[in-house]
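Engineer: Kindly generate the corresponding structure for this input.
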Amino acid sequence: MVDYKQPFEKRIKRSSNIAEQKCEEYLNYKNVCWHKYGFDNHNMPKDKFVKVPKTIRSIPDYVCVSWKPFFIEAKGFKGTLKIKEDDLKSCNFWNDIMDLYFYFYDCGKQKQHIMSCIKLLDKIDVNKTGYYDDNKQLFYEINL
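Structural biologist: Modelled structure (predicted):
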């Protein structure tokens with residue numbers, strides 16, 4: 001699994017995203033129709049990518065349809081789930097358009113967690129924060 005310590009070019013490669021692979025397996029198992037939608041599978045250099053507005057860069061990974069349409073964002077983690085503050089701001093934006101769910105995959109425990117954007121926002125503990133070393137972005141630690 002790649003993490004924030006890996007080079008930008010490696011982090012955006014689809015083949016390195018185990019959470020998306022597991023999410024697709026889950027969606028197929030549940031007979032959910034899905035379409036890859038996210039902005040993560042691009043070939044832009046980092047200096048160009050960061051010029052795209054943050055909300056657009058945070059487009060959910062999938063548009064899905066089951067009994068109703070919804071978005072899913074897949075995120076992998078090992079140890080503690082960390083969500084960037086900017087991603088939480090985008091969460092509200094996308095959830096206002098269509099229900100947004102998260103598929104979290106714990107690579108260490110090989111366990112999946114699915115929750116709505118609203119449930120995720122309810123789990124935020126403002127006392128459990130930190131900053132990424134590489135980009136100094138604020139993140140929240142989420143207990144699942």
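Engineer: how about the strands of the chain, start to end?
Structural biologist: Here the chain has its strands, by DSSP state E, at 33-36, 62-65, 69-77, 81-84, 100-106, 111-116, 129-131, 138-142.
Engineer: For residue 91, which of the ones you listed is the nearest?
Structural biologist: Closest to residue 91 of those is strand 100-106 (C-beta to C-beta; 6.2 Å). The C-beta positions use only the backbone N, C-alpha and C, and glycine is treated the same way.
Engineer: who touches that closest one?
Structural biologist: 18-19, 22-23, 26, 60, 70-78, 81, 91, 94, 111-117, 120, 144 (C-beta atoms under 8 Å, 6 or more residues apart in numbering).
Engineer: from those, which would you call buried?
Structural biologist: Applying 16 or more other C-beta atoms under 10 Å to these, the neighbour count classes 19, 22-23, 26, 60, 70-77, 81, 91, 94, 112, 115, 117, 120 as buried.
Engineer: Distance check, the residue lying closest to residue 59 once chain neighbours are set aside against residue 56.
Structural biologist: Closest residue in space to residue 59, ignoring its immediate chain neighbours: residue 39 at 4.7 Å, by C-beta to C-beta, 6 or more residues apart in numbering. As judged by C-beta to C-beta, to the nearest Å, residue 39 and residue 56 stand 7 Å apart.
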